[in-house]
Every structure is written in structure tokens, then in C-alpha cells.
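K.L.:
Sequence first, predicted model second:
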Amino acid sequence: MLQPHATPPEAIRNFCIIAHIDHGKSTLADRMLQITGVVDERAMRAQYLDRMDIERERGITIKSQAVRMPWEVDGGSHVLNMIDTPGHVDFTYEVSRSLAACEGAVLLVDAAQGIEAQTLANLYLAMENDLTIIPVLNKIDLPAAQPEKYAEELAGLIGCEPEDCFQVSGKTGVGVEPLLDAIVAQIPSPTGNADGPARAMIFDSVYDTYRGVVTYVRVVDGNLNPRERIAMMSTKATHELLEIGVISPEPLPGRGLGVGEVGYLITGVKDVRQSKVGDTVTNAAKPAADALGGYRDPKPMVFSGLFPLDGSDYPDLRDALDKLKLNDAALVYEPETSVALGFGFRCGFLGLLHLEIVRERLEREFDLELISTQPNVVYDVTMDDGTQVTVTNPSEFPGGKIAEVREPKVRTTILAPSEFIGAIMELCQGKRGTLLGMDYLSEDRVEMRYTLPLAEVVFDFFDQLKSRTRGYASLDYEPDGDQAADLVKVDILLQGETVDAFSAIVHKDKAYGYGLMMAGKLKELIPRQQFEVPIQAAVGARVIARENIRAIRKDVLAKCYGGDISRKRKLLEKQKAGKKRMKNIGSVEVPPEAFIAALTSDGAGAQATKK
Ligand SMILES: Nc1nc2c(ncn2[C@@H]2O[C@H](COP(=O)(O)OP(=O)(O)OP(=O)(O)O)[C@@H](O)[C@H]2O)c(=O)[nH]1
């Protein structure tokens, strides 16, 4: 039985692995678990991963967010706590909280790829948190690996010698033992006031179907013990500590957590919003005076409407969102009604990836078919009379005299081979970007920094960047305040009626392009009706583009010669069933597939084929 209190802070090393996506973080973490004996060699494949599968199947989410590993160096026993960090830009705040729970970071770079945008973004976050950085080149077993070349690059970036970069293979295990030794030797042990009031930082919290919320903490001062009452400092809510322990790699309930220790706690709360990342846990009877710094409420940056393809699924969608919310403190939503799409929800997300994850989970885990409207950012509108309006839905953009519209902007870092500089500049300029600076990481790789309106980045920036650089560029961005901009709302009208789902807020110079594109797309997608249907794009009362759908009656029996009455009936019934699913805009019938196709940015209707 582990006795967590028995570990003196001097023997503890808290670290994380930071890397660009696919540079091998999980593989290296697995290898460390194996080499330290936390998971034995045979169990590694046969059991450890199986266990994860079962976890997933049963929806148990006690994951290895923070694994405790024993490691001996020169006869001295140490405890290494490996803390997992979410890898994506949308979760920068969560990443920074995980980093704040560590004293050091292993900066992992694929020896066949070199530094990428998220390598830099994560490195800067680690430096802001004053972490000791251990530079590591991974995948040295690959024939294409160029460890010498990239050691130069990495050393130049963090200001060390190329020889200081470790060379490992997470796959074969080469170099991992010396790396574990270096973690003990180079990363400082935690310091804190052991006798002071308890303060522990929450760096992750996940909802578990059976146990409620499992909260991951790092104790900074004092200690936390089972059965005592704890308080969350941001909300002042108090809970009884039902269980506290460490993960190695199974949850091991223990006698408590002391200074510098990392582990989990369970209080029986059912919603992660009651146990928020970044908050400070203290003892309810002897509370600390000040919370640990850095707590922030998650703020949605990107909004989109989610509507069930089949209107009768609306209650299911509401239930599914309620369930997801238990495990996602950043997800916000409220009911929305659209003329075109019916009943749905306006949802707020941290970013595009967050949106995609939520949408995919709703479709896969809850078996829903959804239409999502074009994502948009939040606009602050000041009217001439001084009133302020916050717009999260383009259809709510105010009419009347507007003094100023402000939009969020982001600081973007793009890394790419230098041959693509021209293509990237052209793209960023077209997206209203401002170049902040450019540095060569080596003779053929360059880092470019731009500020861009977030609205332009969420549109189709990443796809365009990838296609213009043949997939070689990587991108990262972080919020960077807001700016005034010349923005207008473009409405799309079908036979004089506004189709709210297609309204968009765009820069004045792009209004015409958007209107023309949407009108053109809809002309292709909406079937001919028995009367002519004009499609117009308008800014206010001014029509800026127009297309016409010519009248025709679709005769499904046209190809059905002869007297096969049962076949005719079948065709007519099919047509009738199809009509039931149609959405009516005024007197125009629009198949839901047309909306989906028009709302996907390439217009190809990637989702439309899903039945
Ligand atoms: N040859 C070789 N392949 C490796 C090595 N480490 C990881 N890989 C492969 O690289 C790919 C990505 O590895 P992961 O460990 O999943 O990478 P990750 O950084 O955790 O990726 P994400 O979790 O998606 O961010 C996988 O196909 C691994 O098998 C290595 O040392 N050598």
C-alpha cells in the first residue's frame, strides 16, 4: 500500500511531456511506464491497453492524466509524476494549468520533422511557467531521422548546446533510461509550505459515470486528507473528500497528499463546473487566505448553431448536450430557433477543434444527425446612441446606426519550409493579416508571426494553409484582444425571405464575394420548384447579388413508361416521403441536404451523404 505522505518533496519530480501533435508523446509516455515498472512488459499490450479499451467502452474516464512512477538513481528512490497536457491550441488555458503543476518539461521533437508550430507554442507556455526544459529528439530509429540537424535547430531555439539534446526512440526504448535519469538530475523538486493551510491546484477534472467528477490536483502547500471537508476557493463551495489517492497506473486510494504531490480526489459532485480547472482546493475548516494565481473562467470564442436533421430529435439533442456538459466546463449552449432549420441550440466553443469534438461526440455517442451552421466569433457592437450589443449569432446583428464593431483577433505562428513564404504571405494578406515578424529557424525553415482576425482563421484558413504549402506548414494561435473593423451583415434571401442560417458577418470588402458564392451555391443545391425562385444576397436593404432558380415541375414518372402501376406508386410515395423532410422557406421547399452542403465550407456536402 502506498503512503503518499511518506514521500518527502526532495524525492519528487513533477514533469510533463510537451510536443507537436504526432511527435510521439503517448508512445514515449508508454515506454516510461514500462521502463519504470509501473506497467510490466507483458501487460503493456495485453492488459494495459485492453484496460483502456474497456474504460472507453464502459465510459469510465479515470485516465492517466497524472501517473506516478518510481525511479532509482544511484541508490536514491524518487517519485516521478508525469502530468498529461492537452495538446491543442483551443485548450491553451488547460495546457498552461497542467504546466503550472510541474517544475519541468520534456520538450519532444520528432527527429524526422523538426520543430513545428505547437512545439513553439508549448515551449513558450512552459517558459512562462518557469519550467526547466529538457530538449529531446524522438524517433531516432527512423531512417529519415536527422538528429544532428534538428539538435542544432532545437539548441538554437532554447539556448543550449546541440549535445544537450537527448536522443531517444519512444518506439524501441533507446535513450529513455538516461532521459529518466536526467529528469531526476535536472528538474528541481517541488517546494512549498508543509505546515501552512492546504492549497492544491486543479489541473484537470473529468466526469466518470460511476464515481462522479474525478479531480486531478497538485498540492502546493499543506496537505489534503480523506474524509476532511474541502472548499473550492473560486465558488466557496465545500465538499467532503470521499477518496484521495495517486494513479500508478490504477487509481490507488491513499492516506492523503502532501507538498509537491500529484493525485486525484473524489467528492461525489456530478458536474465538472463545480471542480474547475485552475481553481484552488483548500481545507474548509482551515482555509488558505489567498488562492493560487491564474484561475480563469473558460470563455467561448467560437459560436455555431447545432440543429437536428430530424426535428423530432430535438429533445434528444438537449439531453445529449446536458450530458456532455457534465464533462466539459467550457461548453455553453442555449436554445435557438431558426426559420430554416427549426429548433436547435446556439453553442459556444473554445475554438474550432472543440466544436468538432463536441459535434463528433454528439453524432457518435448519442447517435444524432446534426446540421451545424457556419461558425462565427463574438462581435461587440456599439450603436450611435452608445448602447452596446454583444453578438454571438449573425442573425441578431443589429440594424440601425452603428458607431463601431469590434472583433477578436489572434496572434498566429506559422512554421513552414522557406520556399512557401510567398504563398503564406499572400494567404495572410488576403485574410486581413498583419505581419509581426519572421525568423529563420534553420536555413530552410521559417517562423512567421501574424495577427489575424479570429473570424478569418476559423473560416477555412487551416485548409488553405495546408493546400498552399502542400501540407508542410503548421499553425498555432492565441487570443490577442480585439480590434475595430469595417464589418457588415450579409443576408441571403429566398424569394424575398431571409434564410437566417446563411446570414454572415463579413468584412465590407468581402460582402459581395460571400453573397455571390452563397447565391451560386444555393442555385446549384436547391431543386427547381414549380415557380421561379430568386436568390438574393443583401446588406441591409441593398441587394448585392442575385441568382434565379428556373421553374420546373419535377416529374418523377417521366422515365416510367408502360403500365407498371406498383412501380409508379412506389416512386410517388418516395417523393412524398422526401417532401416530408423538406424544410419550407416561405413557399420554397428545400431539402435538408442542401443546407448541409451549403454550410460546409467547400460546398461539397461532406456530411450530406450520411444517412
Ligand atoms: N519510428 C518511430 N515511430 C514512433 C516513435 N514514437 C512514436 N512513433 C509513431 O508516431 C506516431 C505518433 O505517436 P504518438 O505517440 O501517438 O504521438 P502523440 O504525440 O502522442 O500524438 P497525439 O496524441 O496525437 O498528439 C505513431 O504512429 C507512433 O507509432 C519512435 O520513437 N519511432
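P.N.:
Okay, I see it.
K.L.:
Could you check how far residue 198 is from residue 223?
P.N.:
Going from residue 198 to residue 223 by C-beta to C-beta, to the nearest Å gives 6 Å. Where you see a C-beta, it was placed from the backbone N, CA and C, and this is true even at glycine.
K.L.:
excluding its backbone neighbours, what's nearest residue 410?
P.N.:
residue 477 (4.1 Å; C-beta to C-beta, 6 or more residues apart in numbering).
K.L.:
So residue 491 is in contact with residue 506, correct?
P.N.:
No. Counting by C-beta atoms under 8 Å, residue 491 does not reach residue 506; the two are 11.4 Å apart.
K.L.:
When the two are compared, which one has more neighbours?
P.N.:
Set residue 491 next to residue 506 and count neighbours by other C-beta atoms under 10 Å: residue 491 wins out with 24 against 21.
K.L.:
which residues pair with that one across the strands?
P.N.:
Residues in a beta bridge with residue 491, per DSSP bridges, are residue 538.
K.L.:
contacting residues around it?
P.N.:
Counting by C-beta atoms under 8 Å, 6 or more residues apart in numbering, residue 491 touches 498, 502-503, 537-539.
K.L.:
and what of residue 485?
P.N.:
Residue 485 makes contact with 405-407, 432, 453, 507, according to C-beta under 8 Å, 6+ apart.
K.L.:
Name the residue of the stretch 201-350 of the chain with the shortest distance to the ligand.
P.N.:
Nearest residue of the stretch 201-350 of the chain to the ligand, counting by C-beta to the nearest ligand atom: residue 204, 15.6 Å away.
K.L.:
Check the burial of that residue by counting its neighbours.
P.N.:
23.
K.L.:
does it count as helix, strand or coil?
P.N.:
strand (DSSP: H, G, I helix; E, B strand; the rest coil).
K.L.:
Assess the claim that residue 371 and residue 593 are in contact.
P.N.:
No. Between residue 371 and residue 593 there is no contact under C-beta under 8 Å: 9.6 Å.
K.L.:
Between the two, which is the more surrounded one?
P.N.:
residue 371 (24 against 18).
K.L.:
Tell me what that one is bridged to.
P.N.:
Judged by DSSP bridges, the bridge partners of residue 371 are residue 307.
K.L.:
now the helix or strand containing residue 29, how far from the centre of its chain.
P.N.:
Using DSSP states H and E, residue 29 falls within helix 25-35. Remark: helix 25-35 is offset 24 Å from the chain centroid, using C-alpha atoms, centre = their mean, to the nearest Å.
K.L.:
Check stretch 183-201 too.
P.N.:
Taking the mean of its C-alpha atoms, stretch 183-201 sits 30 Å from the chain's own mean (C-alpha atoms, centre = their mean).
K.L.:
What of stretch 356-370?
P.N.:
The answer for stretch 356-370 is 15 Å, by C-alpha atoms, centre = their mean.
K.L.:
Would you mind listing the outside residues contacting that stretch?
P.N.:
Contact with stretch 356-370 is made by 306-310, 313, 316-317, 319-321, 323-324, 328, 331, 347, 349, 372, 610, as judged by C-beta under 8 Å, 6+ apart.
K.L.:
Can you give me the buried ones in it?
P.N.:
Going by neighbour count (16 or more other C-beta atoms under 10 Å), the buried part of stretch 356-370 is 357-359, 361-362, 366, 368-370.
K.L.:
Let's have these in TSV, adding distance to residue 257.
P.N.:
Formatted as TSV, the buried residues of stretch 356-370 follow (distance: C-beta to C-beta, whole Å):
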residue	distance to residue 257
357	31
358	32
359	37
361	32
362	36
366	36
368	40
369	45
370	42
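K.L.:
Out of those residues, which comes closest to the ligand?
P.N.:
Relative to the ligand, the closest of those is residue 357; by C-beta to the nearest ligand atom it sits at 13.2 Å.
K.L.:
Local confidence estimate at that closest one?
P.N.:
Predicted confidence (pLDDT) for residue 357: 83.
K.L.:
For the remainder of this discussion, apply numbering that starts at 5.
P.N.:
Let's use 5 as the start, then, which means that last one is residue 361.
K.L.:
host element of it?
P.N.:
helix 356-369.
K.L.:
again, but for residue 102
P.N.:
Element membership for residue 102 (DSSP H and E) is helix 96-104.
K.L.:
Mind giving me the packing neighbours of the helix or strand just after that helix?
P.N.:
Next along the chain after helix 96-104, taking DSSP H and E as the criterion, comes strand 108-114. With contacts taken as 3 or more C-beta pairs under 8 Å, 6 or more residues apart in numbering; DSSP states H and E, strand 108-114 sits against strand 16-23, helix 29-39, helix 121-132, strand 136-142, helix 151-162, helix 180-190.
K.L.:
As JSON lines, those with mean pLDDT, distance to residue 548 and mean neighbour count would be great.
P.N.:
Listed next are the helices and strands packed on strand 108-114 as JSON lines, based on pLDDT from 0 to 100; distance: least, C-beta to C-beta, whole Å; neighbours: other C-beta atoms under 10 Å:
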{"stretch": "strand 16-23", "mean pLDDT": "94", "distance to residue 548": "47", "mean neighbour count": "25"}
{"stretch": "helix 29-39", "mean pLDDT": "90", "distance to residue 548": "49", "mean neighbour count": "20"}
{"stretch": "helix 121-132", "mean pLDDT": "87", "distance to residue 548": "37", "mean neighbour count": "20"}
{"stretch": "strand 136-142", "mean pLDDT": "97", "distance to residue 548": "53", "mean neighbour count": "24"}
{"stretch": "helix 151-162", "mean pLDDT": "92", "distance to residue 548": "48", "mean neighbour count": "18"}
{"stretch": "helix 180-190", "mean pLDDT": "97", "distance to residue 548": "60", "mean neighbour count": "17"}
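K.L.:
Nearest to the ligand, out of those?
P.N.:
Among the helices and strands packed on strand 108-114, helix 29-39 comes nearest to the ligand, with 3.3 Å by C-beta to the nearest ligand atom.
K.L.:
does any part of the closest one sit near the ligand?
P.N.:
Yes. Contact of helix 29-39 with the ligand (C-beta under 6 Å from any ligand atom) involves 29-31.
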